[in-house]
Every structure is written in structure tokens, then in C-alpha cells.
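Visitor: predicted structure and sequence below. I'll ask about it afterward.
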Amino acid sequence: MRIEGSVSRSLTDQYTRQWREQNPGGEVITRDLASPALPLIDQSAIEAFFTASDRRTPTQHAAVELSDKLVDEILAADTLLIGAPMYNWSVTSSLKSWIDHVIRVGRTIAFGTDGPWPIGLLKDKRAIVVIARGGQYTEGEGQGFDFQTAYLKQILTFMGITDIQWVATEGLTLGDDIAGPAVEESQRQIRGMI
């Protein structure tokens, strides 16, 4: 994942600075998914997720510890700010790994009495998703190749978050005359979100 020159990082940093200025006593929890990289969910983590806490082995407790911390961060937040560069028409592997850690039965989703489909438990949260893309996917030849937005919307609503705001910066590799105005428009949108 790109760190130097990352537009999604720059825009999420802008939002965070503005929010802190408006909320000097507020708390910001930052989770950089690039460093250190989150481990992939494996068999021991899956078994631990579906074992009651008081029945977990020490190995299972260790396997679920990071996931519990990530979920606790979400539960403590009023707003999730997600920076999401597009990789191969979708999300980065590090963001996908985070998603796999935080979709948790009994914590972020639950099975209800109305059938087998889970219900989201994060109904009181808001999400701001800042997307950065090298190409253009809302119109033209790239239209139809944006699997990122639909996927992230599905994940967030699955967890119960329906108050979602999107900032998409497109055309970042198509020259300064396209990228420059796109970044400026995203910066303007973010200024209006606080």
C-alpha cells in the first residue's frame, strides 16, 4: 500500500485535522492498516470466534485478541473514517483483512429471530469513506469496473451502518489537468463535512 503521495491518506488526514479543530476535547483512534499488516483470518481464529469466551483455550484467546481490539475500536467510535485506495477495481488486501476481523457474530452482527440472515449491530454509527482511484470509474470506459463502492457499502450496511458519506477522487494517474481538480473537489467536499 502506498504511503508517500497517497491521496486517500492526505484526505483522511485533512478530515481528522478539521475534526480535531472543531472537537478539541474529542478522541481520535487511528488504525493504519499498512503498518503493521493485519494477519489473515485462519482456522484457529474462526474456531475462537465461534467459541464462548469462557470456553476458549489460551491459543484461542490469543487468536481472537487482535480482532477483539479492532472491534472495540469500532464500538468506541461515533464515526468511522475509512481511506480506501482502489486496487484492481476493489479494496486493498489490508482493508479486506480488517473487514474479516471486524465482522463478528455477537459483536458487530447478530442472528435475529426473523430468519437466518444476520442483522447489523452498529446502527448508531456513521461512516465516511474516502476513495482514491487512478482511473475514472463513474463514467466512460471504466464504468462498470467499480466493485469497491458496492462492496464497501454492503459491508457497512451489513454491520448496521447506513449513514455513509462518500468522497471519491478519480483520475489520479491521468495527468495533472484531471487529477488536480479532482483532488481539489474532494478537499472541498471534506471541508463541508464537519
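Guide: Good, I have the coordinates.
Visitor: where exactly do the strands run in this structure?
Guide: Remark: strands assigned in the chain by DSSP state E are 79-85, 109-111, 118-120, 126-132, 163-169.
Visitor: any chance of those in JSON lines, plus mean neighbour count and distance to Gln22?
Guide: Glycine gets a C-beta too; all of them are placed from N, C-alpha and C. Listed next are these as JSON lines, based on neighbours: other C-beta atoms under 10 Å; distance: least, C-beta to C-beta, whole Å:
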{"stretch": "strand 79-85", "mean neighbour count": "21", "distance to Gln22": "12"}
{"stretch": "strand 109-111", "mean neighbour count": "15", "distance to Gln22": "32"}
{"stretch": "strand 118-120", "mean neighbour count": "16", "distance to Gln22": "28"}
{"stretch": "strand 126-132", "mean neighbour count": "22", "distance to Gln22": "14"}
{"stretch": "strand 163-169", "mean neighbour count": "17", "distance to Gln22": "16"}
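Visitor: tell me how far the closest residue in space to Leu70 that isn't next to it in sequence lies from Ala132.
Guide: Distances taken as C-beta to C-beta, 6 or more residues apart in numbering put His101 closest to Leu70, at 4.8 Å, once the chain neighbours are dropped. Distance, His101 to Ala132, using C-beta to C-beta, to the nearest Å: 23 Å.
Visitor: Glu73 now?
Guide: 23 Å.
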